[in-house]
Every structure is written in C-alpha cells, then in structure tokens.
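Chemist: Any chance you can model this:
(3 chains)
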Amino acid sequence: MILKIYDTLLKTYGYQDWWPVSTTADPFLEISLGAILTQNTNWKNVEKALQNLQTKKVLNWKTLQKINISILQELIKPAGFYKRKSTTIKNFVKTINPQKKENITRQTLLNIKGIGKETADSILLYGLEKPIFVVDTYTKRLFSRLGLTKKDIKYDELQKLIQDKIPKNTHIYQEYHALIVKHAKEHCKKKPICTKCPLESLCNKNVII
DNA sequence: AGCCAGGCCAAGC
DNA sequence: GCTTGGCATGGC
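Modeler: Numbers count the residues shown, from 1 in each chain, chains lettered A, B, ... in the order given. You can find the predicted model right below:
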C-alpha cells in the first residue's frame, strides 16, 4: 500500500526533483538554513528570508558565524519566529564543521538546540543525501486519512513504518517526501479537497481530521 | 478578516 | 511519560 501510494503520486505529479534550492555555491548550507527557517512556516516566506541572506552576502559559514544576531534577525524576519530561528542558526553554524560532513549524525543535529527530528532528518536526507525518511505534518495527515495509521502516531514510529516498506534509497525517500508535500498542498489540505484526488480509491473518506 | 504554514521547546501535569 | 502555550511573518 505504501508503495502503491508512491507510484500513484509519482504518476500524477511527476518527479519533483526537490529540495527547492536556488543555484548556490553551498547547497548544504542553504538546505540546512531552509530546513530551519521553514519550521511551521510557509515556504514563500522562507524564500524571502533566504533571498535577503543571499543579497546581503551572508549565506556563507564564516559570515554567519560572525554576524551580529540582531542583523541576522532583521534578514530572516519574513520567515517568522525570527528570534528563535536566529539562535538556532547561530547554534548550527557554531556546531557544524562543513569540512567534516561525514561526521555529522542525526544525534549531532538533534543536540543543537532548535533542531528537532524533522529538521534534522531534512538536513540528512536532502543536504547529506542519507536514506532517512522525513516525516512532517503532511505525512501524518495523509497516512492517517488514508486509514493506515492513527493520527497521533509518534514520529519515529511512522518513520520506521514507512522505511520498512520501501527500498532504502535516498532518491526514493527524497522523491516520496516531496510528492507528499505536493499532494498535501493540492488536495490533502487541512480542509481537504477530495475532488479529483488521485488517491480517492485508496482513501477512507470517513476519516476526516 | 481570520486561518494557515514542510516545528520546537519549556513548563505543568 | 503526555499536553499545552508561545513563538511571528506574509499569503490567501
């Protein structure tokens, strides 16, 4: 079933080729900042913040390590929660050594205050190309509505359930997560739009969260 | 004009 | 352990 959902979404929407990263000199850094900035935030707002960082030539490790935090806050303000996120970014660039990416583990990232499971896994999957499935609210909502899981399933439990059912392959994990986001924005919204839903035949519509 | 967005943490049971 | 409230901006 998990695979059938993937196939159906892929057939419907095509390859997403995520993570949406503007051609930058340092994809790992930009992906990591994007993952932090998008916490509970619309991606459009994240783009504005990243654009500010780009324009002000701040989107590099050295500058971020040195920059005055109040200036950083001004630049990322469009992404919201800017006080908290600026601290997280500071913690991140202080802790991570971009020369030694091979040493970065999930636990390394989780030890950074402000980085939780989803953010850590996004950095691992898209920034470091490790086969770790990213669970988010969209994922929980979709699988719960499809009747496959309880709506209050825990992060690690849902992650394991999905990883056990699909090939352990970075590209597939990246693509599947991106397709879920796409689908959740088009149909499986908080207030679902079930008309023309590609998963209609697989879905138990009685379960509306 | 509200409601919502690709979470996380601290505090209180 | 689990639940709740706070964090903030911009789009629709």
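Chemist: use CA for all of it now, contacts and neighbours both
Modeler: Fine.
Chemist: pLDDT weak spots in chain A?
Modeler: Within chain A, the stretches with pLDDT under 70 are A:22-23, A:205-209.
Chemist: residues from chain A in reach of DNA strand C?
Modeler: A:40-42, A:44-45, A:77-85 (Cα under 7 Å from any atom of the strand).
Chemist: Write out the residues of chain A neighbouring DNA strand B.
Modeler: So far as Cα under 7 Å from any atom of the strand goes, chain A lies against DNA strand B at A:19-20, A:35, A:38-43, A:81, A:110, A:112-120, A:122, A:136-138, A:181, A:185, A:189-191.
Chemist: Buried ones among those?
Modeler: If you count burial by 16 or more other Cα atoms under 10 Å, the buried members of the residues of chain A next to DNA strand B come out as A:19, A:35, A:38-39, A:43, A:81, A:110, A:112, A:114-120, A:122, A:136, A:138, A:181.
Chemist: mind listing what the residue nearest to the spatial centre of chain A touches?
Modeler: Centroid-nearest residue in chain A: A:Ser122, 4.7 Å away (criterion: Cα atoms, centre = their mean). Neighbouring residues of A:Ser122 by Cα atoms under 8 Å, 6 or more residues apart in numbering: A:32, A:35, A:134.
Chemist: how does it look with 6 Å?
Modeler: Counting by Cα atoms under 6 Å, 6 or more residues apart in numbering, A:Ser122 touches A:Val134.
Chemist: Would you mind splitting chain A into its domains for me?
Modeler: Using automatic domain parsing, the domain ranges for chain A come out as A:2-17+A:134-202, A:27-127.
Chemist: start to end distance for the shortest one?
Modeler: According to Cα to Cα, to the nearest Å, domain A:2-17+A:134-202 extends 11 Å from its N-terminal end residue to its C-terminal end residue.
Chemist: How much space separates the nearest residue to A:Thr95 once chain neighbours are set aside from A:Asn91?
Modeler: Leaving out its chain neighbours, the residue that sits closest to A:Thr95 by Cα to Cα, 6 or more residues apart in numbering is A:Ile112, at 7.5 Å. According to Cα to Cα, A:Ile112 and A:Asn91 sit 6 Å apart.
Chemist: Now do the SS call for the residue nearest to A:Thr95.
Modeler: coil (DSSP: H, G, I helix; E, B strand; the rest coil).
Chemist: how about the top helix by length along chain A: buried residues?
Modeler: What stands out as the longest helix in chain A, according to DSSP state H, is helix A:170-186. Residues of helix A:170-186 classed as buried: A:170-171, A:173-184 (neighbour count, 16+ other Cα under 10 Å).
Chemist: same thing with stretch A:188-200?
Modeler: Per 16+ other Cα under 10 Å, stretch A:188-200 contains these buried residues: A:188, A:192, A:198-199.
Chemist: Render the CA-only coordinates of that stretch in PDB, please.
Modeler: C-alpha atoms of stretch A:188-200 as PDB (Å, rounded to 0.1, in the frame of the first residue of the first chain):
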ATOM      1  CA  CYS A 188      -4.900  16.700   1.200                       C
ATOM      2  CA  LYS A 189      -5.000  20.100   2.900                       C
ATOM      3  CA  LYS A 190      -6.200  20.700   6.400                       C
ATOM      4  CA  LYS A 191      -9.500  21.200   4.800                       C
ATOM      5  CA  PRO A 192      -9.300  18.500   2.200                       C
ATOM      6  CA  ILE A 193     -10.200  19.000  -1.500                       C
ATOM      7  CA  CYS A 194     -11.200  15.500  -2.400                       C
ATOM      8  CA  THR A 195     -12.400  16.300  -5.900                       C
ATOM      9  CA  LYS A 196     -10.100  14.700  -8.500                       C
ATOM     10  CA  CYS A 197      -7.900  13.400  -5.700                       C
ATOM     11  CA  PRO A 198      -5.500  10.800  -7.300                       C
ATOM     12  CA  LEU A 199      -5.700   8.700  -4.100                       C
ATOM     13  CA  GLU A 200      -9.500   8.700  -3.900                       C
END
